[in-house]
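# Task: produce atomic coordinates for the following.
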Amino acid sequence: MKISYDPRYNIAYIQLREKPAEVETIRISDELNIDLSPDGKIYGIELLNANEQLQIMEGGEFILTDESTQKTVKLPITTQVRGQVCS
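Numbering: from 1, shown residues only. Below you'll find the predicted structure:
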C-alpha cells in the first residue's frame, strides 16, 4: 500500500495494489473517486480537497496502527515546495 499527497493540487491517493493495465474510475462524490481494476478489485482511492478530508497540517503526523498488535508508527507530514522538502 502506498499513500501519496500532492500539496500543489491538494490531492491524496491511497494505492492498494500494483496498477493493472487499465482502471475504471468511479466518482463517489465531488471529493472522492475509486479506481477499480477490470476484475472488480479496488486499485486505489483518490481524495480531492485532501487537506479538509484528512485534516493535513504542516508539522502534523500520519499514524499507522496495526490493530492486531497495537503497534503504531508515526510519520511526520512533509510538503515539497519548489524542490525543497519542508517539515
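# so what's the backbone phi/psi at Pro38?
Note on Pro38: its backbone torsions stand at phi -60, psi -30 [degrees, to the nearest 10].
# Surely it is in contact with Glu22?
Yes: Pro38 is within contact range of Glu22, at 6.6 Å (criterion: Cβ atoms under 8 Å). For every residue, glycine as well, the C-beta is placed using N, CA and C.
# where do the strands sit along the chain?
Along the chain, counting by DSSP state E, strands occupy 2-6, 11-15, 24-29, 32-36, 42-48, 61-66, 71-76, 79-81, 84-86.
# can you list these in TSV and add mean pLDDT, distance to Leu54 and mean neighbour count?
TSV is the format used below for the strands of the chain (pLDDT from 0 to 100; distance: least, Cβ to Cβ, whole Å; neighbours: other Cβ atoms under 10 Å):
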stretch	mean pLDDT	distance to Leu54	mean neighbour count
strand 2-6	85	8	13
strand 11-15	91	6	17
strand 24-29	96	15	10
strand 32-36	96	12	16
strand 42-48	95	7	18
strand 61-66	80	9	11
strand 71-76	85	13	10
strand 79-81	50	13	12
strand 84-86	43	18	9
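# Same list (those strands) but as CSV, adding distance to Gln55.
Listed next are the strands of the chain as CSV, based on distance: least, Cβ to Cβ, whole Å:
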stretch, distance to Gln55
strand 2-6, 12
strand 11-15, 11
strand 24-29, 18
strand 32-36, 16
strand 42-48, 12
strand 61-66, 11
strand 71-76, 15
strand 79-81, 15
strand 84-86, 18
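# Could you measure from Leu31 over to Leu54?
Careful, residue 31 is Glu and not Leu. Relative to Leu54, Glu31 is positioned 11 Å away (Cβ to Cβ, to the nearest Å).
# what is in contact with these two at once?
Residues touching both Glu31 and Leu54 (Cβ atoms under 8 Å, 6 or more residues apart in numbering): Leu47.
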